[in-house]
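Enquirer: Here you go, sequence then predicted model.
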Amino acid sequence: MTAVVATPTDQRPRQQVAARRRFLFHSVLGLAATAVLLAGPSLGWKISTIHLVGTAALYALTVIGVNIVFGFAGQITLGPAATFAVGAYVGGVLSTKYHWNPFVAIIPAVILALLVGLAIGMPALRVGGFYLAMVTAIAALAVPSTAAILHSITGGGDGMNARQFSVGHHILTDPAAYRIIIIATVLSALVAANLSRSAWGRWFRCLKVNESGTSALGVSVYQAKVISFAWSAVFGGLAGALFVPFELSISPTQFGFDLSTAFFVALVVGGLGSAWGPILGVALYYIAPSYLLPKSLIGLKEELIFACLIIVIVVLLPDGLSSAVDRVSTAVWRRVRGHGATPGSAATEDASPTAEADLASEPSDGRSPAGRNAIAARTTAELPALLQRAANQDRSVPALVARDVEVRFGGVIALDGAGLQVVPGQVTALIGPNGSGKTTLLNVCSGFLKPDAGTVSLGGQDVTGWSPHLRARAGLGRTFQQPIVFTDLTGAENVMAGDMNDRPSSVAAALKLPASRRHERAAAGRAEALLHALGAEHLVDRGAAKSSVADSRILDLARALALDPLVLVLDEPAAGLGLDEIGVLEALVRATADAGVAVLLIEHDVAFVGRIADRVVALERGRVIAEGTPAEVRADPEVLRSYFGDLDDAPRNEGEVEHA
Amino acid sequence: MVLFLQAVVSGLTIGAIYALVAVGYNVVYASTQVFNLAQGMLVMVGVLMTYEFREVMGWQTVPAIAAAVVVAGLVNVAIERFCVAPLGRVRGGSQHHIALPAFVTTLGASLVVLDAYELIFGSAILPFHPYFNARAFNLKGVLVSRQQLFMVGAALVIVLAYHAFAKYSRWGLGLSAMAQNREGAALRGVPVAGARIVAFALAGVISGLAGMAIAPVTYADTTLGFNYALKGFVAMAIGGFGSTTGALVGGAALGLTEAMLVTYGNDQWRIYASLLLLLVIFTVRPRGLLGRQTIRTV
């Protein structure tokens, strides 16, 4: 693992400085905001102001939670007020009716909110799509109804007065309660920010962009969705439990469906998926109108304005106001400073021209033969250290074996007893005309398709019934015809997302526990080292959204290698690449195989296959018609016939009849 | 027994409205993969515009209904133009990628419609004169009013008419083709953008008709829009996405469950019908009773 340490961090100082400055900028902003909010009551704020801001902070706390599931992970929830209401009622009833200390009541409130969230979220997430949105919306209606039904406990429709925050017999004043709320909100925002910058944050963002790609990383899509939703439930429950002792009354009308839509509007307007979005959104929605808008616009007109804003923002500024503010401030900063290193969002920020010029001294583009050789030499030298699992596997035993695979789509037989073996250290190519079943076989091998018959084994284990993410964790990395690039992330983060070594729990990630820090450090080191080894260090800090086809393929490959795979499956890796780029790719694939990985690829480019493959398997109509070295397969009469047809007419007809 | 049958009657009546909202979702979803959340608000537009034309402006019933239904259709076309069409243009993206933002913009549209109406006309619940005289048919003790027969009958007629349109008219066939394969339909000469407008107009008209049918029962109440949006979704989820018959079955199932809970419990239990049926259907049969596929599976 020494190669990890030897990453050339000194080659990209400007981006690092930019990242550090961005971090500093956000920290200073956060500290300043916290200080102002905490000092507020001492600055002579009126009680009404304290209540307005305190309530807004609790709404922000809820919306920060919604941002995790909706903004990061892309799972729409329409009823964020549901868990807020559960937390409020549990906390309120325990403290008022059963005389618990409101602080202690927070714990059961959060737990019950979490349980209710899981009870409604898990079945809905199992199905996916918009089901979560609807079931949460219905839950948001059901919670106040339930409170009304249980009137002997909750006070029913009339509600009840709640108990204030207290320590022992000492009742806290409004400013003190307000400060507690501000501190809780700030801490929660930090927890959410930790989560966002952790492995889980990356996986949530991957989920939003591409679900099957996420499962190919080795992440359980369902588990990740449930975890993101569970966090939002915890935040909602906490906010609710803090709300009641501050608001001092509780009734079903406080938690109507309009509260849910308000949370939703605030988040979308503020900015989905950004750290400041929820805070900006809530401030705009709850606080700004009473100070900025003329009296005549308060109320319905104001709601109408925000409703229109939703549409305008989703259409024109899909990332919300906070990213627009970010972009404007970046531009202003650039004006002021006269050059490019500025605070700004990592994924949208491109490397500045000067920084690119710095990098040009490295032979990273491979356009010249000399540059290509330099990359090949570097890859050969650096890659083996990064692929420990592959290096340790037994090269005499096939790492991936598919046997007698049958797949039917309705009446169409896509695979008819096909099979293949992939040996470590070798490149095996799967060829065949369109519709011969290549991609189907690949999908059976990587778990995206369940075969009707046949078995798949990986590293000697039968994995036939395993889902894609389990196979990935067991050592099957794959790339896709459409390279899987998570556009919200930088290049390095894309690669880190594929690192399944010592996965931290989401709690460790949220609290930045040592397990998560260790994973981050190791994954970042490995990602940089991998990109460097593949001659693509210029992608490390660049937002992946702007990657070229060649860069996307390299990122896809590096991401698959971050798994430290036993088997690497490449689906048409050369598609869309220029000749010189194919040259680089060849070197990379060769080096990967030499490092001990069993490589399986599908490719149409016969010349490319001829150069790179050690073994070739030819498919036609779902059956293997030839197998051997490239030369052997190319000379095989069946293969020739399947590609070119027969050279005189009569036998061709016969051939078609034969397979009909 | 009489109590039970009475509950069945009222369950089927309200279920008919849920079914119509579900059909509206299906019409748009099938051809555009967009889930138009404003569908429920359009029922409310149907109710409120019928009220405005008939009760406030004093029009005859039929022209008032016709005008209200046209308004609902136009509002939905406006939603397509301002909330859905720009998404495809801005992102240049596929259908799949506009599904999520369209969900958000159509929610925004629901709020715009709601707020704009309340701003213009106010939010009081206003009484609505019945279409028929109040005498009910008495079937061995079970009372069935003309209004109830009208609601169920209207729903059936609308669904049959839509079915015939989809099966036999050129536009209907074009929409069905889009449902199966959008690019293919475009290549065969189906004007995809135009067809999308037709789908939205049609869905708006269906919701508008649902609104006029239910108006004498609910009165002109602005708060019901989201309620219909959610209940229509539940009906669609139970019946299965893309199935018109499924929408009817789902609507009836939800309506009946609600009626039973309300009859044997009380009105506050109504919402549990949706929650219960959704959770059961997720667990037992995620694609719905008659659905071919779940929405947006990967």
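Expert: Perfect, thanks for sending it.

Enquirer: wait, is residue A:541 part of a helix?
Expert: No - judged by DSSP: H, G, I helix; E, B strand; the rest coil, residue A:541 forms no part of a helix; its state is coil.

Enquirer: And it, how far from residue A:382?
Expert: The gap separating residue A:541 from residue A:382 is 19 Å, by C-beta to C-beta, to the nearest Å. In this view, the C-beta of every residue, glycine as well, is placed from N, C-alpha and C.

Enquirer: Check residue B:268 too.
Expert: 67 Å.

Enquirer: Whichever residue of the stretch 451-600 of chain A sits closest to chain B: neighbouring residues, count only.
Expert: Nearest to chain B, among the residues of the stretch 451-600 of chain A, is residue A:468, at 10.8 Å (C-beta to the nearest C-beta). By the criterion of other C-beta atoms under 10 Å in any protein chain shown, residue A:468 has 24 neighbours.

Enquirer: contacting residues for it?
Expert: A:212, A:215, A:216, A:446, A:447, A:448 (C-beta atoms under 8 Å, 6 or more residues apart in numbering or on different chains).

Enquirer: which of those residues count as buried?
Expert: A:215, A:216, A:446, A:447, A:448 (16 or more other C-beta atoms under 10 Å in any protein chain shown).

Enquirer: ok, and what's touching whichever strand or helix holds residue B:161?
Expert: Using DSSP states H and E, residue B:161 falls within helix B:146-168. Applying C-beta under 8 Å, 6+ apart, the contact partners of helix B:146-168 are B:9-10, B:12-13, B:16-17, B:19-20, B:23, B:27, B:130-133, B:135-137, B:171-173, B:175-176, B:202, B:206, B:209-210, B:213-214, B:216-217, B:244, B:247-248, B:251.

Enquirer: 7 Å - rerun?
Expert: For helix B:146-168, the surrounding residues in contact (C-beta atoms under 7 Å, 6 or more residues apart in numbering or on different chains) are B:9, B:12-13, B:16-17, B:19-20, B:23, B:130-132, B:172, B:175-176, B:206, B:209, B:213-214, B:216-217, B:244, B:248.

Enquirer: Same check on stretch A:292-308?
Expert: A:265, A:269, A:285, A:289, B:108, B:111, B:112, B:115, B:116, B:118, B:119.

Enquirer: Do you have the strands of the chain handy? List them.
Expert: No chain was given, so I picked chain A. Applying DSSP state E to chain A gives strands spanning A:160-161, A:166-167, A:170-171, A:249-250, A:400-409, A:412-422, A:427-431, A:453-458, A:461-462, A:476-478, A:567-571, A:598-602, A:615-620, A:623-628.

Enquirer: hmm, I had chain B in mind actually
Expert: B:136-139, B:142-145.

Enquirer: could you redo the ones you listed as TSV and give each row mean pLDDT, mean neighbour count and distance to residue A:201?
Expert: Listed next are these as TSV, based on pLDDT from 0 to 100; neighbours: other C-beta atoms under 10 Å in any protein chain shown; distance: least, C-beta to C-beta, whole Å:
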stretch	mean pLDDT	mean neighbour count	distance to residue A:201
strand B:136-139	85	12	61
strand B:142-145	89	18	57
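
Enquirer: Relative to residue A:407, which of those strands is closest?
Expert: Closest approach to residue A:407 among the strands of chain B is made by strand B:142-145 (54.3 Å; C-beta to C-beta).

Enquirer: Packing partners of the closest one?
Expert: helix B:2-32, strand B:136-139 (3 or more C-beta pairs under 7 Å, 6 or more residues apart in numbering or on different chains; DSSP states H and E).

Enquirer: which bits of the stretch 101-250 of chain B sit near chain A?
Expert: B:101, B:103-105, B:107-109, B:111-112, B:115-116, B:118-119, B:226, B:230, B:233, B:237 (C-beta under 7 Å from any C-beta of the partner chain).

Enquirer: So among the residues you listed, which ones count as buried?
Expert: Buried among these (16+ other C-beta under 10 Å): B:101, B:103-105, B:107-109, B:111-112, B:115-116, B:118, B:226, B:230, B:233, B:237.

Enquirer: Can you pick out the ones from these that are in helices?
Expert: B:101, B:103-105, B:107-109, B:111-112, B:115-116, B:118, B:226, B:230, B:233, B:237 (DSSP state H).

Enquirer: and of these, the nearest to residue A:484?
Expert: Comparing these against residue A:484 with C-beta to C-beta places residue B:101 closest, at 21.3 Å.

Enquirer: In contact with the residue nearest to residue B:233 when sequence neighbours are not counted, which residues?
Expert: Excluding the flanking residues, the one nearest residue B:233 by C-beta to C-beta, 6 or more residues apart in numbering or on different chains is residue A:134, at 4.7 Å. Going by C-beta under 7 Å, 6+ apart, residue A:134 touches A:78, B:230, B:233.

Enquirer: could I get the residues you listed as CSV with distance to residue B:276 and pLDDT?
Expert: Listed next are the contacts of residue A:134 as CSV, based on distance: C-beta to C-beta, whole Å; pLDDT from 0 to 100:
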residue, distance to residue B:276, pLDDT
A:78, 18, 88
B:230, 14, 92
B:233, 15, 92
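
Enquirer: Include distance to residue A:243 when you put the residues you listed into JSON lines, please.
Expert: Output for the contacts of residue A:134, formatted as JSON lines (distance: C-beta to C-beta, whole Å):
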{"residue": "A:78", "distance to residue A:243": "20"}
{"residue": "B:230", "distance to residue A:243": "25"}
{"residue": "B:233", "distance to residue A:243": "29"}
